[in-house]
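Chemist: Let's see this in three dimensions:
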Amino acid sequence: MIAEITRNQQQAGETRLQLASIYEQRGAEVATNLREAQTKLSDLGPRLNAAREALAQTEISSPVDGYVLGLSQYTIGGVAGSGEVLMDVVPSNTPLVISAQIKPGDIDQVHPGMQADVILQAYNSYHVPKIPAEVLSVSADAVTNAQTHESYFRADLRIKPEELAKLPKGAKLYPGMQATVMIRTDKRTILSFLIGPIGEVIDRSMREQ
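Modeler: Numbers count the residues shown, from 1 in each chain. Prediction:
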């Protein structure tokens with residue numbers, strides 16, 4: 001009986017040693033796996049930050065609400081060069097300003113405060129009447145059109161908000177729209193073609209007797 005008890009005690013001791021060895025082995029494996037995971041995590045950290053930065057650079061936001069003009073990138077995944085202008089944003093809450101080209105021969109007849117009529121070429125003149133406007137400023141020097149190489153003076157005109165409110169339902173003015181401006185003078189009406197509001201003017205103007 002004593003021999004059997006001794007044998008059982010030995011087996012129990014061996015079992016405890018085996019369990020301890022298993023626990024130690026598993027603990028070492030867990031520690032190894034933990035170190036490997038920490039190493040991978042430390043390697044992935046900079047890569048994750050770089051990916052986040054790259055993603056942030058693919059999103060472009062404007063500090064103000066407005067309309068986009070002169071968009072230079074149209075394709076998905078397009079690459080912009082350093083310092084390249086991607087677009088112009090015209091704030092939507094700024095006063096409506098229309099820019100027109102005036103021929104040098106007509107500039108002596110145009111000055112701030114003069115009244116004018118704006119005709120939106122995008123709409124039928126029967127449904128959208130002439131919109132009254134006022135000349136705000138006239139450039140002091142002539143400007144040369146880069147495409148036609150013709151000289152012109154720039155005249156900026158303003159449409160009052162109350163006049164815009166009179167437009168028929170559905171008729172709106174957007175940056176870049178084409179319009180025709182007729183500036184009323186004492187003797188004649190200067191007819192100026194332009195792209196506005198707040199857009200680059202096209203290269204035609206003429207005088208109507």
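Chemist: which stretches of the protein form helices?
Modeler: 2-57, 161-164 (DSSP state H).
Chemist: Next, the buried residues of the last one.
Modeler: Okay, so that is helix 161-164. Going by neighbour count (16 or more other CB atoms under 10 Å), the buried part of helix 161-164 is residue 163. Any C-beta I mention is one placed from the backbone N, CA and C, and that applies to glycine too.
Chemist: Break this structure into its domains for me.
Modeler: 1-59, 60-92, 95-193 (the TED database).
Chemist: Can you add distance to residue 68 and mean pLDDT and give the helices of the chain back as JSON lines?
Modeler: Below are the helices of the chain laid out as JSON lines (distance: least, CB to CB, whole Å; pLDDT from 0 to 100):
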{"stretch": "helix 2-57", "distance to residue 68": "19", "mean pLDDT": "76"}
{"stretch": "helix 161-164", "distance to residue 68": "21", "mean pLDDT": "76"}
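Chemist: low-confidence ranges in the protein?
Modeler: 1-5, 7-9, 12-13, 69, 92-95, 124-127, 174-175, 186-209 (pLDDT under 70).
Chemist: Name the nearest residue to residue 71, sequence neighbours excluded.
Modeler: Leaving aside its sequence neighbours, residue 71 sits nearest to residue 87 (CB to CB, 6 or more residues apart in numbering; 4.7 Å).
Chemist: quick one, what contacts that neighbour?
Modeler: By CB atoms under 8 Å, 6 or more residues apart in numbering, residue 87 lies in contact with 68, 69, 70, 71, 72, 73.
Chemist: Could you tell me how many residues sit around the fourth one?
Modeler: Looking back up the chat, that one is residue 71. A count of neighbours around residue 71, defined by other CB atoms under 10 Å, yields 9.
Chemist: quick one: it and residue 121, what's the gap?
Modeler: Applying CB to CB, to the nearest Å, the value for residue 71 to residue 121 is 21 Å.
Chemist: And for the first one?
Modeler: Note on residue 68: its distance to residue 121, by CB to CB, is 21 Å.
Chemist: coming back round to it: how about the contacts of residue 87 in JSON lines, adding distance to residue 27?
Modeler: JSON lines is the format used below for the contacts of residue 87 (distance: CB to CB, whole Å):
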{"residue": "68", "distance to residue 27": "62"}
{"residue": "69", "distance to residue 27": "67"}
{"residue": "70", "distance to residue 27": "66"}
{"residue": "71", "distance to residue 27": "62"}
{"residue": "72", "distance to residue 27": "61"}
{"residue": "73", "distance to residue 27": "57"}
